[in-house]
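Visitor: Fold the following, please.
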Amino acid sequence: MNFYKRTIFLFTIMILSFIGHAENGHDAWLRSKKAKTVNVITRKQSPTITIAKNELIQGWQGAEGSTITLSIKRNKSLKADGFKINEKSIQANTDLGLLYGVYELLRRQQTDISIQEEINNPSYDRRILNHWDNPNGSIERGYAGKSIFWHYGKDSLAVTDSDIKLWKEYARINASVGINGSVLNNVNASPMMLSKGYLERVKAIAEVLRPYGIKTYLSIKFSSPSLMGGLDTSDPLNKDVIKWWRNKVKEIYTLIPDFGGFLVKASSEGQPGPQDYGRTHADGANMLADVLKPYDGIVMWRAFVYSANDEDRAKQAYNEFVPLDGQFRDNVIIQVKNGPVDFQPREPFSPLFGALKKTAVMPELQITQEYLGHSVHLAFLATMWKEFLESDTYQEGQGSTVAKCTDGSLFHQKLTAIAGVANTGLDTNWTGHTFAQSNWYTFGRLAWNHELTNEQIADEWIKLTFSPFDVKNSEVKTDFSKEDWSNNFLKPVKQMMLDSREAIVDYMMPLGLHHIFSANEHYGPGPWWGPARVRKDWTPPYYHKADSLGIGFDRSVTGSNAVSQYEEPLGSQFNNIETCPENLLLWFHHVPWNYKMKNGKTLWDNLCYHYDAGVQKVEEFQKIWDMAKPYLDSERFYRVQSKLRNQRRNAQVWKDGCLLYFQEFSKMPIPYDIERPIYDLKDLKISTMKRPLDYK
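Guide: A predicted model of the protein is given here:
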């Protein structure tokens, strides 16, 4: 009897062990591999180098019994934490450079990329995730569960073993793609984040992240001296306010000696700021920069500012910040969203890029899909971000791309940085959607090397995330060849990823339409939503301006003249309806419904065909994924399959809602070779105003 009990016990342990290593996405692209033996030689010892050695030992895919040398040796050609790599050695100026070199070596082994001797330097010095996490554990624009940093309840500030384990896993994932900073709380900051209890928890987080090279930062509320310090003002030029901030910064650095600095959202969307006291953005940023300077801390001052007025919202940031160019301290960097409005599925780049020539500027990208279907829709954002980074500003002549305007190569700014608004939560797979992990990965890879192509990044991520070969405890029976897997999984899934963002643009807001979401969480369509008492720039009609004559926001010289904020010849190109890129046409022009486009069809017909093409693309994605079933584990297959079904239904809602609504203005028929709408407009108006459709 004891024999049978023991057998059952061992069998149970075996099953639980297998389940514990199931492909649930928690390991992201760092799945456990069947490693070969490797000898690692290094003279220096440190927590970071120990991590590097362990990563090599646990993930080595090269020749059995190889020897790898890790060496710290000064090399003028290495920038910051860059490294020199070949098949047998990694050299760097810093311990962290060695760790990044190890991850690069292992990545190349696992993705079958040749390893030549080369120098590998980061495009941006600071590669930072912005977490919009709140003290109660909720996340603004978070679609993957509660915060990994903050909890609700009486023991909310206690640090548990599970906290430390999770933070370590998070740090490892970030370090593997070169991310070296985390802002731990929401830009709409609570003043309590600067209280003693919360700073002690930040200290605990920093201690876990530090060996992986990740600095901690905090978002601050500008009015904290009044709200926390008992002062009757938070005027940045008031000596008592300055003293309060000086003491608070000293307290922070006593706890966290390598603290990175502050992220500030001020004088924006009702958040307090220097303008409340008749001061400028430069006054506010410089005061904080001065108190941080002795500790090598920085200020990331957000340029996302707009207020309720009759001006075009897209113009306000440029109007407020360009006159201040050259007035900011050298440890201030202006954080600018990629587009001039708000992380839309497609926007032109913000004209602030390149216009601020004497001030350090950093791009802010949004990893979490606030405007691209949350963690329901499949959206590979490399195509969006590369489009943005490669946009030519012409600020220093042709070739003055956004990337060159921000990486220090054009304006030689002291600080170079890039930020991504994270979608990291307590969901098992961190991001709520398996494919949303690809955007976390992509941000890190582009922040390190903005010259990587969309195809390269997608190829890497798929191989690291889905390849069934040499993976420990994989449930996939690899009775197929690598060539078979490449042809029937890698290639079609990669194409699906590369097409995914454009498909969303098509079924949501093609041809330059923007911000036409319902009132519910920026999810479903709502071009009709415009209550009388709501400020106009929070309603879709403000942006699409559909009427009997046409559709689109006139930002030409005869409209809001936003085109004047762009350097020539770009301003003139955008201004002319004939030369304006058609994918931005309705961003810059109010266009007649019967306007003939380059393909000879009317604007209305083109609008219809784009919406229909987006729906058809998602149908194609469903087929591609269903055919991929034999090549991956069941858990991730079924989760993604369910998401795609929701996305397909949502795409139909977007198409039907927008076309039926805009048809009320155009009075033109939907082309007869397009699938007919299946929803009634009156029903869509009711449902999308109640809740986001299929959000959960």
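Visitor: use CA for all of it now, contacts and neighbours both
Guide: Will do.
Visitor: The stretch 451-600 of the chain: helices as residue ranges?
Guide: Under the criterion DSSP state H, counting those that start in this stretch, helices of the stretch 451-600 of the chain are mapped to 454-466, 482-485, 491-508, 541-544, 570-575, 585-588.
Visitor: Deepest in the core, which of the ones you listed is it.
Guide: With neighbours defined as mean count of other C-alpha atoms under 10 Å, the helices of the stretch 451-600 of the chain peak in mean count at helix 585-588, which reaches a mean of 26.
Visitor: hey, what's Glu118 bridged with?
Guide: Here Glu118 sits in beta bridges with Ile85, going by DSSP bridges.
Visitor: residues in contact with it?
Guide: Glu118 makes contact with Lys84, Ile85, Asn86 under the criterion C-alpha atoms under 8 Å, 6 or more residues apart in numbering.
Visitor: Show me the strands in the stretch 151-300 of the chain, by range?
Guide: Chain-ordered strands for the stretch 151-300 of the chain, with DSSP state E, counting those that start in this stretch as the definition, fall at 181-183, 215-220, 261-264, 298-302.
Visitor: As TSV, the ones you listed with distance to Ala532 would be great.
Guide: Below are the strands of the stretch 151-300 of the chain laid out as TSV (distance: least, C-alpha to C-alpha, whole Å):
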stretch	distance to Ala532
strand 181-183	38
strand 215-220	34
strand 261-264	32
strand 298-302	30
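Visitor: For Leu231, find the nearest of those strands.
Guide: Closest approach to Leu231 among the strands of the stretch 151-300 of the chain (C-alpha to C-alpha): strand 215-220, 16.6 Å.
Visitor: Check which helices and strands the closest one sits against.
Guide: Contacts of strand 215-220 with other secondary structure elements, assessed using 3 or more C-alpha pairs under 8 Å, 6 or more residues apart in numbering; DSSP states H and E, are made with strand 181-183, helix 196-209, strand 261-264.
Visitor: Kindly recompute the last result at 6 Å.
Guide: strand 181-183, strand 261-264 (3 or more C-alpha pairs under 6 Å, 6 or more residues apart in numbering; DSSP states H and E).
Visitor: got CSV for these, with mean neighbour count, mean pLDDT and distance to Glu251 too?
Guide: Output for those, formatted as CSV (neighbours: other C-alpha atoms under 10 Å; pLDDT from 0 to 100; distance: least, C-alpha to C-alpha, whole Å):
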stretch, mean neighbour count, mean pLDDT, distance to Glu251
strand 181-183, 24, 98, 18
strand 261-264, 26, 98, 13
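Visitor: Which one of those lies nearest to Met497?
Guide: Between Met497 and the helices and strands packed on strand 215-220, the shortest gap by C-alpha to C-alpha is with strand 181-183, which sits at 26.9 Å.
Visitor: Among the contacts of Glu118, which one sits closest to Gly270?
Guide: For the contacts of Glu118, the closest approach to Gly270 (C-alpha to C-alpha) belongs to Lys84, at 47.8 Å.
Visitor: Tell me, how many residues neighbour that closest one?
Guide: Using other C-alpha atoms under 10 Å, Lys84 has 22 other residues around it.
Visitor: so how far is Leu105 from the nearest residue to it once chain neighbours are set aside?
Guide: With C-alpha to C-alpha, 6 or more residues apart in numbering as the criterion, Lys84 has its nearest non-adjacent residue at 4.5 Å, and that residue is Ile119. Distance from Ile119 to Leu105, counting by C-alpha to C-alpha, to the nearest Å: 13 Å.
Visitor: Also Arg329?
Guide: Relative to Leu105, Arg329 is positioned 39 Å away (C-alpha to C-alpha).
Visitor: Check Pro191 too.
Guide: From Pro191 across to Leu105, the span is 43 Å (C-alpha to C-alpha).
Visitor: So which of those two has more stuff around it?
Guide: Under the criterion of other C-alpha under 10 Å, the comparison of Pro191 against Leu105 puts Leu105 first, with 24 against 17.
Visitor: Can you tell me what sits against the helix or strand harbouring Ile418?
Guide: In the assignment (DSSP states H and E), Ile418 maps to strand 417-421. Contacts with strand 417-421, where a contact means C-alpha atoms under 6 Å, 6 or more residues apart in numbering, come from 124-130, 362-367.
Visitor: try stretch 589-598
Guide: Judged by C-alpha under 6 Å, 6+ apart, the contacts made with stretch 589-598 from elsewhere in the structure are Leu549, Gly550, Ile551, Gly552, Phe553, Asp554, Thr602, Leu603, Trp604.
Visitor: Having no further points to raise, I will conclude here.
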